[in-house]
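In: Build me a model:
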Amino acid sequence: MGKPNGNTAQNKVFHPNSRKAGQVIKRLAHARRVQTTQKARTLKEKILIEKIGWFQTEIEERTRPVCPHDLDELIERFLIRQEEEIDRLESALDIGRRRNANSTAKSDEIQRGIDDQKLHYTTSGIELPDVSCLKGLIAVKGWGSDVIDLVKIPVKKFNKKQLTSFAIGNFCEGCSARRKADQMDVTEAK
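Out: Numbering: from 1, shown residues only. Below you'll find the model as predicted:
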């Protein structure tokens, strides 16, 4: 009969400068790094799923890829999509004439997110599903809210300056900017 196995390595106290203590510290640090990386990846996937879901509902009836001008308008609508929620929270605060810390904090968090996204869009760019190409449009329309299928959807950084500079003079067939320009030409001709 062998010794009881009650004195395991986890229950032992090691000298702080020993090799075994260094190994245990490395393992714990590695586990923490993996956990924080997984949390960050999960948060990024959650945000991307929300973006793709919004774009999927907005481009349901489209058969052609989105031109730069229409994409700019679509992104502008995307950036203000949560302002209704902020208005609802603020009206609820006005009705009660009391400041509810939860509602105020939630509306501040939503507003901060909107401001961050607008800043990214006007400066460095915001990552969104690429519906300006046929492959991306088909992938977004056919997406079934599955995390595994996220890799099939092309994601691209869109910048307001790039979209507006490309949209000038480059109208696609059925573009709303082209229709507006044509209407202006017709009214000016009269």
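
In: Next up, the contacts around E58.
Out: Counting by C-beta atoms under 8 Å, 6 or more residues apart in numbering, E58 touches L74, R77, F78. C-beta coordinates here come from the backbone N, C-alpha and C atoms, glycine included.

In: Same list as before, the residues you listed that is, but in JSON lines and with distance to G144 included.
Out: Below are those laid out as JSON lines (distance: C-beta to C-beta, whole Å):
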{"residue": "L74", "distance to G144": "22"}
{"residue": "R77", "distance to G144": "24"}
{"residue": "F78", "distance to G144": "21"}
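
In: Buried ones only from these, please, as a PyMOL command.
Out: Only the buried entries of the contacts of E58 go into this PyMOL selection, using 16 or more other C-beta atoms under 10 Å:
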select buried, resi 74+78
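
In: quick one: which of the contacts of E58 is nearest to A40?
Out: Set against A40, the nearest of the contacts of E58 by C-beta to C-beta is F78 (22.7 Å).

In: mind checking which helix or strand V34 is in?
Out: helix 19-58 (DSSP states H and E).

In: for K156, same thing?
Out: Here K156, judged by DSSP H and E, is contained in strand 155-158.

In: That strand pairs with which strands?
Out: strand 126-129 (antiparallel) (DSSP bridges).

In: Which positions within the strand holding K156 qualify as buried?
Out: For strand 155-158, burial by neighbour count (16+ other C-beta under 10 Å) applies to F158.

In: Just give me how far that strand sits from the chain centre.
Out: Relative to its chain's centre, strand 155-158 lies at 11 Å (C-alpha atoms, centre = their mean, to the nearest Å).

In: if we can go back for a sec, right, and out of the contacts of E58, which lies closest to V140?
Out: Nearest to V140, judged by C-beta to C-beta, of the contacts of E58 is L74 at 11.7 Å.

In: so the closest one makes contact with V66?
Out: Yes. If you go by C-beta atoms under 8 Å, L74 and V66 touch, sitting 6.3 Å apart.

In: Can you check which residues contact both of those two?
Out: With C-beta under 8 Å, 6+ apart as the test, L74 and V66 both reach I59, V131.
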